[in-house]
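S.K.: got a predicted structure plus its sequence, pasted below:
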Amino acid sequence: MSETTPAPCAPEDVRRVACIGAGVIGGGWAAHFLARGYDVTAWDPAPDAEEKLRRLVAAAWPALEQMGTAEGAAPERLTVAGSLAEAVADADFVQESAPEKLELKRSLLAELTAATRPGVVIASSTSGYPMTDMQTSAGDPGRLVVGHPFNPPYLIPLVEVVGGERTDRAAVDWASRFYKAAGKSVLTMDRELPGFIANRLQEALWREALHMVASGEATVEDIDASITEGPGLRWAFMGPCLTFALAGGEGGMAHMLDHFGPSLKSPWTRLEAPELDRALRDAMVEGCDRAAGDRSYADLVAARDQGVIDVLRATGRLGGTAR
Ligand SMILES: NC(=O)C1=CN([C@@H]2O[C@H](COP(=O)(O)OP(=O)(O)OC[C@H]3O[C@@H](n4cnc5c(N)ncnc54)[C@H](O)[C@@H]3O)[C@@H](O)[C@H]2O)C=CC1
Ligand SMILES: C[N+](C)(C)CC(=O)CC(=O)[O-]
């Protein structure tokens with residue numbers, strides 16, 4: 001899509017999706033789109049790619065059926081093309097999931113803009129490259145966006161959508177609408193941020209985990225249990241900001257920051273802490289107030305507790321032991 005070339009169809013009218021690169025993520029995307037009732041054409045240069053892809057889709061299908069597939073959805077609606085050009089020729093949307101190598105992404109995205117019909121939006125699954133850095137070789141960069149999924153894309157709802165400096169805003173909006181129509185939970189970002197939002201958060205945690213393992217302070221098992229038996233249970237339904245607002249009791253985020261703010265400077269982390277100035281404090285308090293909406297402290301506690309119980313039940317750990 002560019003300002004002069006609109007997408008060939010509305011996001012809600014997409015029928016055929018092309019998945020370019022069919023490994024863990026490309027295959028997961030293919031399974032997701034098939035389950036939502038799209039025709040999917042995939043292409044991957046690896047000689048064993050088709051066999052692996054069909055195995056991935058077959059293995060995912062029972063879970064997808066449990067969650068409920070769209071009318072007419074079927075693994076048989078997957079075609080594996082013999083060339084990139086063939087795969088994208090009739091595509092209404094393209095999801096690129098090739099290896100995370102900048103030069104490869106640059107040339108592949110350039111090739112894709114040349115091979116697709118004018119206006120077709122092309123999304124990259126990149127885990128962290130800004131689109132500005134990937135769209136440098138493309139003749140028609142206005143329709144290139146990032147659509148960052150979470151593994152596996154057929155079960156984890158979130159996709160982060162962001163454009164680059166040369167992406168048309170209309171392409172970002174089109175992609176966001178398309179992913180919503182395809183059953184995803186969409187976070188549309190209005191500016192580029194290396195690692196986007198979720199990976200930036202995950203990477204902070206990950207860096208600390210690696211520091212602890214490297215220095216012998218914690219084992220891999222300790223680290224995984226610290227999340228699955230601890231904060232991970234809350235994060236499945238209440239984000240880290242609102243969860244910590246509850247740590248301030250009825251005083252909410254304001255009390256939490258006034259009480260624990262100074263410990264941001266204590267050596268809990270190898271990362272540099274931000275300056276907790278008045279503006280940041282107020283932004284956090286206001287953000288948590290907005291997120292809480294008209295729910296009271298008691299409402300939020302009840303919701304959190306019920307959520308933890310539900311997650312425990314769902315994962316077979318109610319009354320059982322951990323780890
Ligand atoms: N693995 C993960 O948890 C996540 C990965 N991503 C992103 O998804 C993308 C793909 O990663 P994975 O699926 O994990 O990698 P993968 O290694 O499982 O799959 C990559 C596939 O790309 C194929 N390939 C190689 N050269 C290609 C080319 N020129 N054109 C098209 N396909 C080509 C390979 O044969 C392979 O099947 C990366 O950009 C990665 O950052 C995003 C979210 C999560
Ligand atoms: C490991 N990873 C950085 C590629 C992970 C992601 O990008 C998202 C996810 O699935 O957590």
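M.R.: Yes, it's here. Ligands and ions are numbered 1, 2, ... in the order given.
S.K.: C-alpha only now, for contacts and for neighbours.
M.R.: OK.
S.K.: around ligand 1, pick out the residues from the stretch 101-250 of the chain.
M.R.: 125-127, 148-151 (Cα under 6 Å from any ligand atom).
S.K.: give the buried subset of these as a ChimeraX selection command.
M.R.: Selection of buried members from these for ChimeraX, criterion 16 or more other Cα atoms under 10 Å:
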select :125,126,127,148,149,150
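S.K.: contacting ligand 2 as well, which ones from the residues of the stretch 101-250 of the chain next to ligand 1?
M.R.: 127, 150-151.
S.K.: re the thing from before, can I get the residues of the stretch 101-250 of the chain next to ligand 1 in TSV including pLDDT?
M.R.: Shown next, in TSV, are those (pLDDT from 0 to 100):
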residue	pLDDT
Ser125	98
Thr126	97
Ser127	94
His148	98
Pro149	98
Phe150	95
Asn151	92
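S.K.: farthest-separated two in the residues of the stretch 101-250 of the chain next to ligand 1?
M.R.: Greatest spatial distance in those: Thr126 and Asn151, 12.3 Å, computed using Cα to Cα.
S.K.: list the buried residues in the helix or strand hosting Gln306.
M.R.: According to DSSP states H and E, Gln306 maps onto helix 297-314. Going by neighbour count (16+ other Cα under 10 Å), the buried part of helix 297-314 is 297, 300, 304, 307-308, 311-312.
S.K.: tell me the one among these nearest to ligand 1.
M.R.: Relative to ligand 1, the closest of the buried residues of helix 297-314 is Val311; by Cα to the nearest ligand atom it sits at 22.5 Å.
S.K.: got a pLDDT number for the closest one?
M.R.: With respect to pLDDT, Val311 scores 76.
S.K.: surely it touches Glu229?
M.R.: No. Between Val311 and Glu229 there is no contact, the gap being 11.1 Å when judged by Cα atoms under 8 Å.
S.K.: OK, now which residue of the stretch 151-300 of the chain is nearest to ligand 1?
M.R.: Asn151 (4.9 Å).
S.K.: so Cys9 touches Asp92, yeah?
M.R.: Yes. Counting by Cα under 8 Å, Cys9 touches Asp92, with 7.1 Å between them.
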